[in-house]
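**Q** Generate coordinates for the sequence data below:
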Amino acid sequence: MNGVIALVGSGEFTPAMAEVDRGLLAATRRDRPKVAIVPTASWPDGEPVFLRWAAQGEAHFAGLGAEPVPVLIHDRGTADDPAAAAAISDADLIYFSGGKPNHLLEALRDSAAGSALREAHARGAVIAGCSAGAMVLGAHQLRMGGRGFLQSPVGWQDGLGLVPRLVIVPHYDAFPEALVVPLALAVPDGALVVGIDEETALVGREGMWQVQGRGRVTIWRGSRRERHRAGTAVAF
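**A** This next block holds a predicted model:
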């Protein structure tokens, strides 16, 4: 069975998400899970930022009793590094932190690391993505441009598709909801827009999910909006 997936709105590697992360570690069913920390999305912000996210993830999961391993994939070229692919393949939990979603998607698509990710998910490894890391896991992703996060006109590209049908919008409570309405009406056929508040996660697999954290998850099924708070079960 495919492993659990966590889509996180923000707050990776912070105390606010510790309870969620303990649940993800428990879902691995390992006494001391191996956690691959993948900060690739932050590489465009510079090496100091990239290394800071790697170190923060390592410290966070070590504090939760896991065995964290930073996987320092910079770009598409290093995503084909056999050592990086092996680290992902060997992990019980693979965590993609935030940054630039286009960069992360381009690095993983059709790469050795991307193939290792799919194989790990198929054998039951837990996959977590925060912000940009969550966006790339969906079926479709906004094609980001120079005008920012919610640009107009809306453009789409295929995501990694580990979560079928979904278009994931993190930091949902950090901007006016009216900006999302054009997305909800312009998604590819059959897709749903899922907005995840900051410090909030949608955790599940095989179509059954649960909201965790401090905020809400908002689902747009066309023009129909649903709200779900922590503890709520959600089906897609």
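
**Q** Run through the strands of the chain in chain order.
**A** 5-8, 34-38, 67-70, 93-96, 126-130, 138-142, 156-158, 163-169, 192-196, 200-205, 208-213, 216-221, 224-229, 233-235 (DSSP state E).

**Q** For residue 80, find the nearest of these.
**A** Closest approach to residue 80 among the strands of the chain (Cβ to Cβ): strand 34-38, 14.4 Å. All C-beta atoms are positioned from the backbone trio N, CA, C, and that covers glycine.

**Q** Does anything pack onto that closest one? Which helices or strands?
**A** With contacts taken as 3 or more Cβ pairs under 8 Å, 6 or more residues apart in numbering; DSSP states H and E, strand 34-38 sits against helix 47-63, strand 67-70, helix 82-90, strand 93-96.

**Q** Of these, which stretch is the most buried?
**A** A comparison of the helices and strands packed on strand 34-38 by mean neighbour count, using mean count of other Cβ atoms under 10 Å, puts strand 93-96 on top with a mean of 28.

**Q** which outside residues touch that one?
**A** 12, 24-25, 28, 33-38, 40-41, 57, 61, 66, 88, 104, 117, 120, 125-130, 132-134, 136-137 (Cβ atoms under 8 Å, 6 or more residues apart in numbering).

**Q** Let's see that with 7 Å instead.
**A** Applying Cβ atoms under 7 Å, 6 or more residues apart in numbering, the contact partners of strand 93-96 are 24-25, 28, 33, 35-38, 41, 57, 88, 104, 117, 120, 125-129, 133.

**Q** Return the list of strands paired to it, each annotated with direction.
**A** Within its sheet, strand 93-96 is paired with strand 34-38 (parallel), strand 126-130 (parallel), according to DSSP bridges.

**Q** Serialize those strands to TSV and add fields for mean neighbour count, mean pLDDT and distance to residue 217.
**A** Shown next, in TSV, are those (neighbours: other Cβ atoms under 10 Å; pLDDT from 0 to 100; distance: least, Cβ to Cβ, whole Å):
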stretch	mean neighbour count	mean pLDDT	distance to residue 217
strand 34-38	27	98	23
strand 126-130	28	98	14
